[in-house]
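# fold the following, please.
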Amino acid sequence: MKNLSQFPHQLRAQQRLCERQIQVSFYPRRSLALTGLIISVLLLCSSQARATGTLDPAFGTGGKVTSHFGGGDIGDTVLVQPDGKIIVVGTSYPHSGSGPDFAVARYNTNGSFDTSFGFGGAVLIHIPSLGNVAQSAVLQPDGKILIVGQVQFTITTTQPAEIDFAMARINPDGSPDYNFGNGGIVTTSFGFADVGVDVALQSNGKIVVVGHTELYSSNSNIAIARYNPNGSLDSSFGAMGKIVLDVGEATPDAASAVVIQTDDKIVVGATSNLMMTLLRYDSGGNLDSSFGTSGIVRTDFGAYGAINDMALQPDGKIITAGYWSAGNENFLVVRYLSNGAIDTSFGFNGKSSVDFYGSADNGNAVALRADGKIVVAGSVTLGNSGTSPRVDFGTALFNSDGSLAGKANTDFFGHYDSALGVAFQADGKIVVAGQANTNNSGGAFADFALLRYSSVFIAPTAFDFDGDGKTDISAYRPGSASHWYVIRSSYFYTQPTSFVDVQFGMTGDIIVPADYDGDGKSNYAVFRPSTGAWYTSTNAAINYGAFQWGLNGDIPVPGDYDGDGKADHAIFRPSTCVWWVVRSSDGGVIQQMFGIGAAKPVVGDFDGDRKTDFAYLSTSGGLLIWNILQSSNGAVVTQQFGLATDKAVAADYDGDGSTNIAVFRASSGRWYTSLNPATNYGEVQLGANGDIAVPGDYDGDGKADIGIFRPSNSNWYIRKSIDGLLLTERFGLSTDIPVPSAYVR
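As a prediction, the model looks like this:
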């Protein structure tokens with residue numbers, strides 16, 4: 001599962017090995033020797049980093065926990081027990097002494113160490129050797145924890161060291177299971193360099209481990225072993241319990257994931273010839289001819305791709321997670337039917353790709369929730385931190401149809417952080433584990449890192465019509481047959497389908513784009529003042545959701561007022577300063593008087609509680625006054641910010657999950673996006689008189705970018721918050737309405 005070998009003989013398919021590789025030196029250590037197994041007493045140090053993003057405050061400190069065992073520590077797999085306790089399995093690299101060891105820690109539901117486990121909450125497992133590295137783990141039905149990876153032995157002084165599959169099993173209390181292998185340890189040799197990467201259990205308790213094997217300088221081959229519950233090789237499987245497969249080409253083959261179907265058939269996820277590859281075996285270790293071509297499925301999307309993890313849906317469909325590279329690397333999720341064919345009803349022709357910041361994004365782990373949602377966790381590369389790129393935990397949540405429900409990146413110490421394991425709790429919360437580096441010196445200064453998100457961890461991006469978490473450059477051309485023109489940021493001219501032309505609306509309509517069905521994508525939508533009707537692109541079969549709500553003269557203000565993840569139909573009636581909202585959650589009506597005089601309504605979640613607040617603008621003495629009724633506590637906040645002639649451009653410019661009060665001063669082309677005088681109120685120069693403000697998250701970093709549309713030349717100018725660079729794009733006509741300006745007041 002995920003990224004493979006810790007030692008040399010690495011494959012291109014495992015280029016993310018840097019996430020685990022560190023330099024180690026030697027130091028004396030105290031240990032308790034056991035038969036074939038050493039469990040070391042740990043000096044545990046649990047620290048928490050400052051939270052950024054939407055995290056569960058009931059977990060650790062602000063949703064995050066880091067744990068240090070004395071060296072470089074990397075969490076690889078996270079498991080959630082039926083009682084809610086959380087197990088993280090990985091590797092600890094001492095600064096000196098013997099080589100790396102398996103490391104296992106168990107946490108209570110609040111993120112504190114479970115001191116009933118091991119020594120103060122954790123154990124190190126040392127196989128007498130040059131070192132052993134954990135790659136994956138599974139929780140058995142009896143509560144025992146089975147860990148797989150590799151171990152490195154010295155053969156002779158003149159011959160290179162040998163690497164073998166390695167397994168260890170411990171009891172629920174962290175003690176070694178002496179009924180497994182030799183003192184709780186099993187090692188298996190295929191050739192010269194053998195790396196166990198993932199593990200799964202069959203219904204009869206037999207253990208399937210997959211990985212790769214290599215004979216000195218030759219290309220690697222897929223390696224599979226099946227063991228009896230006591231750790232002995234199952235001689236009824238393959239050749240005395242082992243299978244080695246060369247898929248065919250003179251390129252490396254490596255298995256990275258395994259799942260077991262309800263009929264006990266074995267599905268293996270691999271990378272071969274730079275392509276995603278699936279294999280299916282029957283219970284005897286024979287390739288299943290009813291799956292793909294002679295038991296093998298190879299997927300080529302026209303770009304290099306790799307499978308890092310897999311999950312099996314209850315209906316037998318297979319989910320793979322990893323990354324692909326058609327330039328930059330992006331998260332990639334693919335769904336296959338049970339016969340190995342790609343499920344074209346999922347995402348875009350069977351796949352869903354997520355680009356966080358236009359750099360290297362690698363999906364390492366996947367998990368399924370009972371409601372069909374899919375979560376993928378991995379690493380995302382941002383800008384530089386000192387001399388090295390900053391890398392964050394990256395997490396993407398998908399709906400069951402492959403559309404993006406949200407994404408988030410979380411930083412621990414500002415350096416190299418990578419998520420390698422993910423799991424859902426019974427309550428739907430998402431637990432992610434990996435490593436967090438305390439400086440730029442690499443894994444030698446890494447800690448176990450763990451965080452917990454709420455089940456919905458990021459709000460849909462405004463004006464995002466393709467669901468990739470980025471605002472799309474888009475224009476509305478009014479007329480008797482109005483058209484929406486969109487550049488889908490998920491393709492952005494890389495494919496012919498990047499440009500979309502949708503006819504929707506008519507003369508006199510007001511555009512009201514929002515996510516009305518909760519699928520993570522903005523819908524094309526209009527409000528027709530002449531009739532008070534709303535039309536959305538959610539369903540053509542029901543007259544495009546025609547919904548009567550409002551009168552001529554009302555101002556449409558759609559937003560998620562009930563916090564259910566769907567935009568509600570809402571209007572503000574200037575004549576009475578009354579807001580009328582139809583809740584999408586239950587069809588109930590909210591009537592709220594809030595406003596005075598010539599109030600202008602503003603749409604936003606200013607208190608960050610994931611509900612749209614009632615807010616309006618007023619003026620006094622040539623100044624702009626913001627008036628906000630906070631949905632979180634019912635308090636009214638009044639704030640002077642801007643001039644009466646400024647445009648209100650409320651958006652989340654700092655990525656903290658709440659809408660910022662902000663203005664665009666067209667007369668000078670200046671934006672003010674912060675209430676902090678120390679930053680000169682976030683002043684940025686972009687634009688000129690006559691330009692139209694188009695704020696939105698065009699780079700997908702969770703922060704709104706400032707942007708303008710210039711009718712005189714039809715150019716869009718976007719200042720990306722991720723790197724400060726200016727994006728310039730010519731799109732539309734001078735008479736078009738830029739869609740991201742829909743709620744600028």
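# show me the shaky parts of the stretch 401-550 of the chain.
Scanning the stretch 401-550 of the chain for pLDDT under 70 picks out the ranges 439-444, 455-459, 490-497, 538-544.
# please enumerate the strands of it.
404-410, 417-424, 430-437, 446-453, 473-477, 483-487, 499-503, 510-511, 525-528, 533-536, 547-548 (DSSP state E, counting those that start in this stretch).
# elements contacting the first one?
Here strand 404-410 is seen to pack against strand 351-354, strand 388-398 when contacts are counted using 3 or more Cβ pairs under 8 Å, 6 or more residues apart in numbering; DSSP states H and E. Using the backbone N, CA and C atoms, a C-beta is placed for each residue, glycine as well.
# give the buried residues for the last one.
Spelled out, that is strand 388-398. Neighbour-count burial for strand 388-398 flags 390-398 (criterion: 16 or more other Cβ atoms under 10 Å).
# list just the nearest of these to R106.
The nearest member of the buried residues of strand 388-398 to R106, counting by Cβ to Cβ, is F393 at 20.6 Å.
# before we move on, the earlier item: comparing the helices and strands packed on strand 404-410, which yields the minimum mean pLDDT?
Mean pLDDT is lowest for strand 388-398 out of the helices and strands packed on strand 404-410, coming in at a mean of 83.
# so which of the helices and strands packed on strand 404-410 gets nearest F465?
strand 351-354 (15.3 Å).
# mean confidence score for the following helix or strand past the closest one?
Using DSSP states H and E, the helix or strand that directly follows strand 351-354 along the chain is strand 361-368. What strand 361-368 shows for mean pLDDT is 95.
# in its sheet, what does strand 361-368 sit against?
Its sheet considered, strand 361-368 pairs with strand 374-385 (antiparallel) by DSSP bridges.
# returning to that earlier point: who wins for proximity to A367 among the strands of the stretch 401-550 of the chain?
The closest of the strands of the stretch 401-550 of the chain to A367 is strand 417-424. By Cβ to Cβ, the value is 5.0 Å.
# give the contact list for L451.
55, 59-60, 63-65, 393, 410, 431-432 (Cβ atoms under 8 Å, 6 or more residues apart in numbering).
# just name the closest of these to A168, please.
V431 (22.5 Å).
# the closest one: neighbouring residues, count only.
Burial of V431 is recorded as 25 neighbouring residues (other Cβ atoms under 10 Å).
# what sits against it?
Here V431 is in contact with 78, 80, 86, 422-425, 450-452 (Cβ under 8 Å, 6+ apart).
# same check on W671?
So W671 contacts 649, 662-665, 682-687, 693, 706 (Cβ under 8 Å, 6+ apart).
# roughly how far apart are it and A651?
11 Å (Cβ to Cβ, to the nearest Å).
# and T109, by the same measure?
Relative to A651, and taking Cβ to Cβ, T109 is found at 35 Å.
# out of those two, which sits in the busier spot?
Neighbour count, other Cβ under 10 Å: between T109 and A651, A651 has more, with 24 against 18.
# let me know the pLDDT of that one.
pLDDT, read off for A651, is 96.
# and for the closest residue to it other than its chain neighbours, the neighbour number?
Nearest residue to A651 in three dimensions, chain neighbours excluded: A704, at 3.5 Å (Cβ to Cβ, 6 or more residues apart in numbering). Close neighbours of A704, defined as other Cβ under 10 Å, add up to 26.
# might you report the residue contacts of A704?
Counting by Cβ under 8 Å, 6+ apart, A704 touches 651-653, 660, 695-697, 721.
# measure it to A693 for me?
The value you get for A704 to A693, if Cβ to Cβ is used, is 11 Å.
# circling back: and of the contacts of W671, the nearest to R280?
I706 (51.4 Å).
# and that closest one, what helix or strand is that in?
strand 706-710.
# who does that strand pair up with?
strand 692-693 (antiparallel), strand 715-719 (antiparallel).
# could you look over those strands and pick the most buried one?
strand 692-693 (a mean of 22; mean count of other Cβ atoms under 10 Å).
# re the thing from before, would CSV of the strands paired with strand 706-710 with distance to D173 be doable?
What follows is those, written out as CSV (distance: least, Cβ to Cβ, whole Å):
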stretch, distance to D173
strand 692-693, 61
strand 715-719, 56
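# relative to V148, which of the contacts of W671 is nearest.
Looking across these and measuring by Cβ to Cβ, the closest to V148 is I706, at 49.3 Å.
# name the residues linked to the closest one by a beta bridge.
R719.
# was I right about it contacting S674?
No - if you go by Cβ atoms under 8 Å, I706 and S674 don't touch, sitting 11.9 Å apart.
# mutual contacts of the two, please.
By Cβ under 8 Å, 6+ apart, the residues touching both I706 and S674 are Y653.
# looking at the two, which one has more neighbours?
Remark: of I706 and S674, I706 carries more neighbours, 27 against 19, as counted by other Cβ under 10 Å.
# now the more buried one: how far from T679?
Counting by Cβ to Cβ, the gap from I706 to T679 is 14 Å.
# what's the answer for D177, then?
Counting by Cβ to Cβ, the gap from D177 to T679 is 58 Å.
# the more surrounded of those two?
Taking neighbours as other Cβ under 10 Å, D177 and T679 compare with D177 leading, 22 against 11.
# excluding chain neighbours, what is closest to that one?
R169 (4.3 Å).
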